[in-house]
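[1] Here is a sequence with its predicted model. Questions after.
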Amino acid sequence: MLANLNDVLKKAQKEHYGVGLFNTIDTDMLEAVIAAAEEAKSPVVIGTAEVLLPYGELKLIAPALIAAAKRATVPVVVHYDHGLTFNRCIEALQCGFTSIMFDGSAGDPAENIRATREMVKIAHAFGATVEGEIGHVGQADSRDNENTGGYTTPEEASDYIKNTGVDALAVAIGTAHGAYKSKPKLDFHRLAEIRAAIDTPLVLHGGSGLTDDDFKKAVCGGIAKVNIFTDLCLAGTQAARSALAEKDDYLFARNKKVEAMKAAVRRKIDLFGSNAKA
């Protein structure tokens, strides 16, 4: 069933579990995520991100995402992740996405607040929810995530929520996007301070590659949504390489890839504690 962030994250926050966002740039990923969520009876967030559009154009993938969400037996949020431009965010809303992440975190903080506030007004008029980001989650292949000056502070989070009205907030506490080259060090004390300062559901970006203990501590510390993409790519790539090495035909190789990604999603759902929460 089609849902938005408020439909799933408020309950997650209250009951102390996390809901996974699994970016799905094609129907193989989409099938894997929905099948895993239905099997686990878990709410789930699917979608794509602006940086991923070269690998699955919005107008091509959007109808499949929305149709799959509508016919699913569990709540499914269709989320536009890391929207960097107003035009693309509006396009996603017009395509029927039920949630938008407007990401102005890399720019001027005052402009981030102004632009996000405007996006909130527009998205809410569509009946969609908005996730924002304050602080900056960098890339795993750079040193951005080692710069604690880019981490979210409780004061920033409180001010941002008050001035934007976002429905969910992505915070920077030491994670990074992409495959980690070294083990990240998450600032759980900072997370606790942010959680105490605001009541808005919190989001952890850069989830792929964290340890099970990291995830459990993050969810216990107040994270209600965890973003995963790289782990799906790695599972799919490994399955495809195995199929190629075994000289499987295309259709068998495709199904092997879907099953591998489904298993990766199911493991994350169990780890986040969202199974049987639909």
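    Sure thing, it's come through.
[2] shaky segments in the stretch 151-278 of the chain?
    177-183 (pLDDT under 70).
[3] Just the strands from it, written as ranges.
    168-171, 202-204, 223-228 (DSSP state E, counting those that start in this stretch).
[4] out of these, nearest to residue 46?
    Of all the strands of the stretch 151-278 of the chain, strand 223-228 sits nearest to residue 46, with 10.9 Å by CB to CB. Glycine gets a C-beta too; all of them are placed from N, C-alpha and C.
[5] quick one: strands adjacent to that closest one?
    Its sheet considered, strand 223-228 pairs with strand 19-23 (parallel), strand 202-204 (parallel) by DSSP bridges.
[6] Pull out the buried positions in the shortest one.
    Looking back up the chat, that one is strand 202-204. Residues of strand 202-204 classed as buried by neighbour count (16 or more other CB atoms under 10 Å): 202, 203, 204.
[7] correct me, but the last one touches residue 175?
    Going back to what we said before, that points to residue 204. Yes. Look at residue 204 against residue 175 with CB atoms under 8 Å: they come within range, at 6.2 Å.
[8] since we're on the closest residue to residue 208 other than its chain neighbours, how many residues are nearby?
    Nearest residue to residue 208 in three dimensions, chain neighbours excluded: residue 230, at 3.6 Å (CB to CB, 6 or more residues apart in numbering). Neighbourhood size, residue 230 [other CB atoms under 10 Å]: 18.
[9] distance of residue 230 from residue 83?
    19 Å (CB to CB, to the nearest Å).
[10] these two touch, right, residue 29 and residue 229?
    No. In this structure, residue 29 is not within contact of residue 229 by CB under 8 Å, at 9.0 Å.
[11] which ones are touching residue 127?
    4, 98 (CB atoms under 8 Å, 6 or more residues apart in numbering).
[12] Per-residue pLDDT of it, please?
    On the pLDDT scale, residue 127 is placed at 98.
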